[in-house]
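Novice: mind looking at a prediction? Sequence and model below.
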Amino acid sequence: MVKAKKYVFEKQFVGLPKATDLKLVEEELPPLKDGEFLSEAVYLSVDPYMRAYAPRLTLGTTFIGSQVAKVTESKNPKFPVGKYIVGEFGWRTHTVSNGQPLLSGFPVAWLVPDLDGLPQSLPLGVLGMPGNTAYFGFLELCKPKAGETVAVSGAAGAVGSLVGQIAKIKGCKVIGIAGSDEKGKWLVDELKFDKFLNYKDTDFDKKLAAAAPNGIDCYFDNVGGELSTKILNKMNLFGRISVCGAISGYNDATAARASPVQPALVFKQLKMEGFIVHRWLDRWFEGIQQNKQWIKEGKLKYRETVTEGFDKMFDAFVDMLQGGNTGKAIVKV
Ligand SMILES: NC(=O)C1=CN([C@@H]2O[C@H](COP(=O)(O)OP(=O)(O)OC[C@H]3O[C@@H](n4cnc5c(N)ncnc54)[C@H](OP(=O)(O)O)[C@@H]3O)[C@@H](O)[C@H]2O)C=CC1
Ligand SMILES: C/C=C/C(C)=O
């Protein structure tokens with residue numbers, strides 16, 4: 001009999017999640033039926049969407065999330081023993097699944113493609129959902145042209161760090177905005193962003209004006225709130241804004257306030273569009289393949305912030321929400 005550990009969503013989050021909002025429990029897994037397989041988590045992802053989607057989750061269920069897992073027993077020929085998979089199984093160590101797609105049509109599990117020797121954790125980051133968010137969300141919505149100026153907030157995180165590099169690949173000038181000078185040093189020195197702005201600086205407004213003397217053509221928005229209104233007010237005529245996320249407000253216990261964006265939208269004739277990455281499910285492996293190719297060519301770099309231990313899932317989650325990560329935040333079991 002296999003015992004699994006899992007985190008159950010006990011209490012709805014109010015403000016920053018508390019350890020007591022989730023409960024770590026053990027359960028015995030049943031023997032496999034035909035069509036099922038058993039997998040063991042190797043890496044688990046902690047992502048901002050877990051906080052953003054929480055109000056829609058049912059209390060008492062396993063908390064949501066993706067993992068890279070190894071198939072250890074199988075009665076399903078599509079998921080043979082020894083293969084690595086990405087599973088949408090939630091925060092749990094062992095899982096019995098039949099591999100059937102979720103109600104949304106999203107596969108509950110897919111085999112990790114050939115990584116050409118790259119780390120097995122990357123399907124949770126640059127070669128998975130965050131990588132595709134950067135690839136499709138930026139290129140399809142911002143439609144950047146060489147020579148244009150691109151601003152990206154959340155710039156040192158899993159998605160933002162890739163968006164800025166893809167913008168550089170496309171010949172753009174890139175302004176990255178994040179919350180620490182150490183992150184800024186990584187963006188400029190290693191990822192070759194043109195400029196870095198720390199949104200916590202008291203003279204941020206002055207520095208923004210100096211960093212974008214000719215205005216901003218594309219903005220990839222990971223954070224929302226007042227910071228994003230400030231960027232919108234610096235946009236050029238017919239600028240494009242890809243709205244990816246709004247993490248600056250995810251932990252607000254009361255409704256966040258930001259100055260109106262409509263004047264900038266009207267007078268600069270801006271195009272602002274939100275998206276969910278699953279819009280490009282039919283092109284999922286195109287994004288992964290392209291990002292892998294760019295890594296191999298040395299054009300796309302990635303970083304991971306790895307926390308060790310399944311019992312540290314909550315700590316890793318809250319640390320990421322508060323900016324403790326550079327690049328993709330993951331947990332190694
Ligand atoms: N639309 C979609 O399909 C998807 C949307 N997303 C969204 O993209 C965004 C980035 O996700 P991801 O790259 O995975 O996460 P990150 O790796 O960027 O981690 C979150 C980061 O958010 C920053 N942050 C936290 N609080 C604030 C704040 N008040 N103001 C500004 N920045 C803050 C922190 O960096 P710092 O030190 O800079 O503050 C932190 O490191 C999120 O908003 C997420 O919801 C992600 C995937 C898919
Ligand atoms: C799929 C992820 C969505 C957000 C908002 O993070």
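Specialist: Done, it's in. Please read these numbers as outputs of a predicted model, since none were measured by experiment. Ligands and ions are numbered 1, 2, ... in the order given.
Novice: report the buried residues of stretch 88-105.
Specialist: The neighbour-count check on stretch 88-105 (16 or more other CB atoms under 10 Å) flags Glu88, Phe89, Gly90, Trp91, Arg92, Thr93, His94, Thr95, Val96, Ser97, Asn98, Gly99 as buried. Every C-beta, even on glycine, is put in place using the N, C-alpha and C of the backbone.
Novice: which residues touch the nearest residue to the last one once chain neighbours are set aside?
Specialist: Right, Gly99. Of all residues not flanking Gly99 in the chain, Ala109 sits nearest, at 5.2 Å (CB to CB, 6 or more residues apart in numbering). With contact taken as CB atoms under 8 Å, 6 or more residues apart in numbering, Ala109 is in contact with Ser39, Phe79, Ile85, Val86, Gly87, Glu88, Phe89, Ser97, Gly99.
Novice: if we go to 6 Å?
Specialist: Ile85, Gly87, Ser97, Gly99 (CB atoms under 6 Å, 6 or more residues apart in numbering).
Novice: please narrow those to those residing in strands.
Specialist: Ile85, Gly87, Ser97 (DSSP state E).
Novice: could you report the neighbour count for the first one?
Specialist: Residues within reach of Ile85, counting by other CB atoms under 10 Å, total 25.
Novice: show the contacting residues for it.
Specialist: Ala69, Ala109, Leu111.
Novice: try 8 Å
Specialist: Taking CB under 8 Å, 6+ apart as the test, what Ile85 contacts is Ser39, Val68, Ala69, Lys70, Val71, Phe79, Ala109, Trp110, Leu111, Val112.
Novice: surely the fifth one touches Pro77?
Specialist: Yep, that's Val71 we're talking about. No - applying CB atoms under 8 Å as the test, Val71 and Pro77 come out as separate, 11.3 Å apart.
Novice: Glu286 is in contact with Val140, correct?
Specialist: In this structure residue 140 is Glu, not Val. No - in this structure, Glu140 is not within contact of Glu286 by CB under 8 Å, at 11.4 Å.
Novice: so what's the residue nearest to Gly99 bridging to?
Specialist: Beta bridges link Ala109 to Gly87 when assigned by DSSP bridges.
Novice: give me the pLDDT value at it.
Specialist: Confidence at Ala109, expressed as pLDDT, is 96.
Novice: do the same with Pro130
Specialist: 98.
Novice: same thing with the one 3 residues further on?
Specialist: Looking at Thr133, its pLDDT stands at 98.
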